[in-house]
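Novice: what's the 3D shape of this:
(one chain, ligands or ions: 1)
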Amino acid sequence: MGDWPGLFITFEGIDGSGKSTQSRLLADALKSAGHDVIRTREPGGAPGAEEIRRLLVEGSPDRWSPETEMLLFTAARRDHWEKTIQPALNAGKIVVCDRFADSTRVYQGATRGDLRAIVDALHALMIGVEPDLTLVIDMDPEAALTRGLARHSGEDRFEEFGAGFQTALREGFLALAELNADRCRLIDGGRDEASVAADVLANTQAYLT
Ligand code: TMP
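Specialist: Below you'll find the model as predicted:
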């Protein structure tokens, strides 16, 4: 467990995997059970980090190189950590966060050249913390891509890399979950929303006091 009185839970998965819905459902369930919860997301989660988010998720796929992306995501994460996550954890709250450093490890570290060592070095230097629990929502890329693009949110830059990219991402998340089995739980996201939510909550129970 991390060096804080609160509980740090993250959700990870490919675009359209349903993790935003699931993070909301988990945060609501924990609040109903009387816990002090904040729900947040990356990139973003603090005013400065939300400004950086727009640079990252809008525009053409080739707008940034993976290296530049990594620096922007890490800058946003540092702001989010300082302004939102760390104060909440220090106040004893449960932080439910949609994406964190594992997304950089997989999206920037493993899909467009092998930059994983640089991602890890930058994380160690500038962030240096891991979640207490990471729920990896696994999903068939074809089904997830349909859902992701159907949003037409204007934030489709990563979805536009295509199905091959999403398949590489899925493999990256599966490998990451296996390597970090101490904090990662793999959740089958291909089921109905309520079944996935029940599984997520069951996996969280052991961490609640
Ligand atoms: P979202 O759709 O989950 O809000 O995330 C926005 C996009 O940013 C999504 O396609 C994943 C991508 N992303 C990265 O490439 N690296 C990161 O470190 C994070 C947090 C997100």
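
Novice: use CA for all of it now, contacts and neighbours both
Specialist: Noted.

Novice: can you pull the contacts of the residue of the chain at minimum distance from the ligand?
Specialist: Taking CA to the nearest ligand atom, the ligand has its nearest neighbour within the chain at T104, 3.4 Å off. Taking CA atoms under 8 Å, 6 or more residues apart in numbering, we find T104 in contact with 70, 73, 119.

Novice: Show me which residues of this protein sit near the ligand.
Specialist: When proximity is defined by CA under 6 Å from any ligand atom, the chain lies next to the ligand at 15, 42-43, 57, 73, 99-101, 103-104, 107-108, 158.

Novice: Looking at those, which is nearest G128?
Specialist: G128 has its nearest neighbour among the residues of the chain next to the ligand in A101, at 9.8 Å by CA to CA.

Novice: buried ones in the longest helix seen in the chain?
Specialist: When the chain is scanned for its longest helix (criterion: DSSP state H), the result is helix 163-179. Of the residues in helix 163-179, 163, 165-174, 176-177 count as buried by neighbour count, 16 or more other CA atoms under 10 Å.

Novice: With stretch 128-142 instead?
Specialist: Using 16+ other CA under 10 Å as the test for burial, stretch 128-142 gives 130-141.

Novice: so where is this structure shaky, pLDDT-wise?
Specialist: Applying pLDDT under 70 to the chain flags the ranges 148-151.

Novice: In it, which residue sits furthest out from the middle?
Specialist: Relative to the mean C-alpha coordinate of the chain, counting by CA atoms, centre = their mean, the farthest residue is G34 (24.5 Å).
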